[in-house]
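Participant: Sequence and predicted model, in that order:
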Protein chains: 2
Amino acid sequence: MSETSTADRILDAAESRVQTAGYNGFSFRDLAEDVGIKSASVHHHFPTKEALVTRLTDRYTDRFFAGLKDANDAAGRVAAYRSAFRQALLNDKKMCLCGMLGAESGGLPGAVTAATRQFFERIVAHLAEGLAGACSNPRQMALAIVARLEGAMILARAYGSVEMFDEATAGLDVMAA
Amino acid sequence: MSETSTADRILDAAESRVQTAGYNGFSFRDLAEDVGIKSASVHHHFPTKEALVTRLTDRYTDRFFAGLKDANDAAGRVAAYRSAFRQALLNDKKMCLCGMLGAESGGLPGAVTAATRQFFERIVAHLAEGLAGACSNPRQMALAIVARLEGAMILARAYGSVEMFDEATAGLDVMAA
DNA sequence: GTCTATAATTTGATAGAC
DNA sequence: GTCTATCAAATTATAGAC
């Protein structure tokens, strides 16, 4: 009985499109066709593209944490992050939504860039918390790990192969040892 | 006496635009205004956007190697790569061209994706060569380092701060030790 | 909440004069 | 090699009927 609202289905379509082609790589008509309505109806739910993607980014951030396997030890938390990022690649070789928007941030509306930054601030803080005690500079280590995960997704997409992600992130937990 | 051809000036403008806003973040008219000509003249030099960006990506790859400080030892070569990537951020907080195109590769013309992949294949091979003997799996280490550099650029752009790049890549050479 | 219709602008691209 | 002029299509967005 999982009833999905039209607004959520629009966000689902937008999420997939942004992760595949970026902010400027899709249109309201694309989303309308994905959902099975008209573009004017999409505007009824989200007045502008900026508002839509800002909301999408917030939802992505919330869901990211909700789907994260909880772990108390440093290695376990790193593994959870690695697994979370890898999951997007398995689903149609998609980029991390905020990795994509972060790369494109120079040409995005301010609200989208702000929401993207919040995603990174939250995951870096959460990851650093998990690394406390396991290394001398947890925040710097967290930044390094997130950077490697985002970059590994770029490599996997450029090569068209999920294995590149696995190779580029092999031994990630050793970094935190 | 450095005479720059119109074609090169178009590529310069396109390079800056792609690194800032991505493949779909600029138009032929944008480039024409940057250079001081009309969009029809841009098409005279590059028939399609796909052809333009493909050629741009090839030029970027060649220039990347030409500008790379040569080093024989592993740590020196890693430092050269770090410095090369960092340079783009200093110039108006730009993303690595191929990092941007790699992220967007799911929505790009085939020739652009192929040229992007070549960039990564070349730098990974070159970096791995420099790491031979310094670690047990040079290619895997090269992938990890390139991933971290690309991801660090995303972080720096999302935060709007070059310092994030420095933090996320701190002790990069230690990885290769 | 969805639709038709449409506005206003931008896009990639072409034809042909100079 | 650059221009004017133009095209066909796509874009974000709005007005108003149902």
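Facilitator: Sure thing, it's come through.
Participant: Next one: the residue of chain A found nearest DNA strand D, what pLDDT does it get?
Facilitator: When scored by C-beta to the nearest atom of the strand, chain A has residue A:27 as its residue closest to DNA strand D, at 3.0 Å. All C-beta atoms are positioned from the backbone trio N, CA, C, and that covers glycine. pLDDT for residue A:27: 98.
Participant: what residues are up against it?
Facilitator: Applying C-beta atoms under 8 Å, 6 or more residues apart in numbering or on different chains to residue A:27 gives the contacts residue A:39.
Participant: and if you look at residue A:151?
Facilitator: Residue A:151 sits in contact with A:168, B:99, B:146-152, B:154, where contact means C-beta under 8 Å, 6+ apart.
Participant: quick one: which of those residues is nearest to residue B:17?
Facilitator: residue B:99 (15.0 Å; C-beta to C-beta).
Participant: Give the closest residue to that closest one in space, chain neighbours not counted.
Facilitator: Of all residues not flanking residue B:99 in the chain, residue B:150 sits nearest, at 4.3 Å (C-beta to C-beta, 6 or more residues apart in numbering or on different chains).
Participant: ok, that neighbour touching residue B:102?
Facilitator: Yes - with contact defined as C-beta atoms under 8 Å, residue B:150 counts as touching residue B:102 (7.4 Å).
Participant: of these two, who's got more company?
Facilitator: Higher neighbour count among residue B:150 and residue B:102: residue B:150, with 30 against 27, using other C-beta atoms under 10 Å in any protein chain shown.
Participant: In contact with the more buried one, which residues?
Facilitator: Counting by C-beta under 8 Å, 6+ apart, residue B:150 makes contact with A:147, A:150-151, A:154-155, B:85, B:96, B:99, B:102.
Participant: now those residues as TSV including secondary structure, pLDDT and distance to DNA strand C?
Facilitator: Shown next, in TSV, are these (DSSP: H, G, I helix; E, B strand; the rest coil; pLDDT from 0 to 100; distance: C-beta to the nearest atom of the strand, whole Å):
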residue	secondary structure	pLDDT	distance to DNA strand C
A:147	helix	98	30
A:150	helix	99	26
A:151	helix	99	27
A:154	helix	99	23
A:155	helix	99	26
B:85	helix	98	27
B:96	coil	98	21
B:99	helix	99	20
B:102	helix	98	20
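Participant: same for the lowest-mean-pLDDT helix or strand in chain A, what does it pack against?
Facilitator: Least confident helix or strand, chain A: helix A:172-175 with a mean of 85, by mean pLDDT, DSSP states H and E. Here helix A:172-175 touches helix A:74-90, helix A:138-159, going by 3 or more C-beta pairs under 8 Å, 6 or more residues apart in numbering or on different chains; DSSP states H and E.
Participant: Try it again at 6 Å.
Facilitator: The contact analysis (3 or more C-beta pairs under 6 Å, 6 or more residues apart in numbering or on different chains; DSSP states H and E) places helix A:172-175 against helix A:74-90.
Participant: Just the buried residues of the helix it packs on, please?
Facilitator: Within helix A:74-90, the residues that qualify as buried are A:74-75, A:77-82, A:84-86, A:88-89, counting by 16 or more other C-beta atoms under 10 Å in any protein chain shown.
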